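Visitor: curious how this folds, go ahead:
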Amino acid sequence: MPTFATLAVFIPTMFFISITPGMCMTLAMTLGLKIGLRRALWMMLGEVFGVAVVSVSAVMGAATLMLNYPSLFTWFKWIGGLYLIYLGLKMYWAGRHLSLNSKADVTLSRYALMSQGFITAIANPKGWAFMLSILPPFIDTNRPITFQLLVLVVIIMLSEFACMLIYASGGRGLKTLLNKGNNIRWMNAISGTLLIGVGVWLALS
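Guide: Below you'll find the model as predicted:
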């Protein structure tokens, strides 16, 4: 199991990454407005399982590099760290308004909603980049990887689900709050700072 220190860094990092407006959160808010929270839960179910697939795939690939190509993994850490710093800086200076121009089909079935959430998570290149960059430094190769991965993936799934619930249930109120003043800029600044810190840690670890 991950140490308390690892979890103390990982949990808030994942929360701020999840709560930052993106493809999945925008989809959750849009569906919450269009079809209601209860039906939007089917999309969220598909999305969290999609994120789990991405997370496990990212870690298994990183684990192979760690075990078989340690020098290559060193380069991978530096590239991942620099990429995280880049994303953090970009997020820090991001615009202050959410875009909710996407349309939702109110006739979608439960299966279609689950598929939409799953495919959105799988097809999101930023999701792969985040998991490839963020998860490896939280894995201790001197301890069994399976249980560590299970705990981290469960935390990721819970964080994603909780944040989508906030977006879907908040609806217009959350949109108004985020678009008011500098609120979303503060959120982006906090998320960006966390990413920069994790990127530096990853590169130097």
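
Visitor: tally of neighbours for Ile145?
Guide: With neighbours defined by other CB atoms under 10 Å, the count for Ile145 comes to 17. Bear in mind the C-beta positions are built from the backbone N, C-alpha and C, glycine included.

Visitor: now do it, the pLDDT please.
Guide: Residue-level confidence at Ile145 comes out at 77, pLDDT.

Visitor: again with Ile122
Guide: Taken from the predicted model, the pLDDT recorded for Ile122 is 82.

Visitor: contacts only, for it.
Guide: Taking CB atoms under 8 Å, 6 or more residues apart in numbering as the contact definition, Ile122 lies against Gly50, Val53, Val54.

Visitor: in the strand or helix carrying the second one, what counts as buried?
Guide: Take DSSP states H and E as the rule and Val53 turns out to sit in helix 37-68. Buried residues in helix 37-68, counting neighbours by 16 or more other CB atoms under 10 Å, are found at 37, 39-52, 54-56, 58-59, 62-63, 65-66.

Visitor: same deal with stretch 130-139?
Guide: Phe130, Met131, Leu132, Ser133, Ile134, Leu135, Pro136, Pro137, Phe138, Ile139.

Visitor: avg pLDDT for it?
Guide: Over the span of stretch 130-139, the pLDDT mean works out to 77.

Visitor: could I get the full set of helices for the protein?
Guide: Along the chain, the segments classed as helices by DSSP state H run 4-19, 23-35, 37-68, 70-92, 110-122, 125-134, 145-179, 183-204.

Visitor: just say which of those is most tucked in.
Guide: Among these, judged by mean count of other CB atoms under 10 Å, the one packed with the most neighbours on average is helix 23-35 (a mean of 22).

Visitor: CA atoms of it as CSV?
Guide: Provided in CSV are the C-alpha atoms of helix 23-35 (Å, rounded to 0.1, in the frame of the first residue of the first chain):
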residue,chain,number,x,y,z
MET,A,23,-13.5,17.4,-21.7
CYS,A,24,-15.1,15.0,-19.1
MET,A,25,-16.1,17.8,-16.6
THR,A,26,-17.6,19.9,-19.4
LEU,A,27,-19.5,16.8,-20.6
ALA,A,28,-20.8,16.1,-17.1
MET,A,29,-22.0,19.7,-16.6
THR,A,30,-23.6,19.7,-20.1
LEU,A,31,-25.5,16.4,-19.5
GLY,A,32,-26.4,17.5,-16.0
LEU,A,33,-28.1,20.6,-17.5
LYS,A,34,-29.7,18.7,-20.4
ILE,A,35,-30.8,15.3,-19.0
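
Visitor: helices and strands around that helix, which ones?
Guide: Using 3 or more CB pairs under 8 Å, 6 or more residues apart in numbering; DSSP states H and E as the contact criterion, the secondary-structure elements in contact with helix 23-35 are helix 37-68, helix 110-122, helix 145-179.

Visitor: quick one: the first one to helix 145-179, angle?
Guide: Orientation of helix 37-68 against helix 145-179 (axes from the mean of the first three to the mean of the last three CA atoms, to 10 degrees) gives an angle of 130 degrees.
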